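In: no sequence on this one, just coordinates:
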């Protein structure tokens, strides 16, 4: 006696995730076709922030210290608009024009992110929008 096994593959409908666009007035508006952040599935995906003045949308001039403060303050404002805080950040990616700025940037960064610090990647890039020295994106969890 032989048993026949038939496998039937069905295409199940993919559940749709609710996506909420986050827009904070205390951070500069997006400079392209993207949102400041998206909230979905209990996670907040904050787009890369460069040091822009929230009122004028112009680049904050100054050294890496000044620019890092502005970027993290923008991320903080976006997170607060979504009902989160810097303590909820689980990962950041930092883009620097010059890795020689790494230790100075780290000094500013650690004043905002307390233990347990988020996971992080840092890379040197050839250029950033509007001539910025730094850009940071973040993922935060509301769960």
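Out: Alright, I've got the coordinates. Here the structure is a predicted model, which is why all the values come from computation and not from measurement. Residues are numbered from 1 along each chain as shown.
In: do a quick rundown of the strands in this protein.
Out: 20-22, 37-40, 43-49, 89-96, 119-124, 134-141 (DSSP state E).
In: give the rounded mean pLDDT of the longest helix along the chain.
Out: Counting residues, the longest helix found in the chain (DSSP state H) is helix 64-81. Throughout helix 64-81, pLDDT has a mean value of 98.
In: cool, stretch 110-123 as well?
Out: Stretch 110-123 comes out at a mean pLDDT of 97.
In: gap between the two ends of it?
Out: Terminal residues of stretch 110-123 lie 17 Å apart, using Cα to Cα, to the nearest Å.
In: how distant is it from the center of its chain?
Out: 12 Å (Cα atoms, centre = their mean, to the nearest Å).
In: check stretch 109-129 too.
Out: On Cα atoms, centre = their mean, the centre of stretch 109-129 falls 10 Å from that of its chain.
In: same question, stretch 68-86
Out: 9 Å.
In: can you list contacts of it?
Out: Stretch 68-86 has contacts (Cβ atoms under 8 Å, 6 or more residues apart in numbering) with 20, 22-28, 36-37, 39, 44, 46, 49-54, 60, 88-89, 104-105, 108-109, 112-113, 134-136, 138, 140, 142. To be clear about C-beta, it is placed using only N, CA and C from the backbone, and glycine gets the same treatment.
In: would you mark the buried spots in it?
Out: 68-79, 81-82, 84, 86 (16 or more other Cβ atoms under 10 Å).
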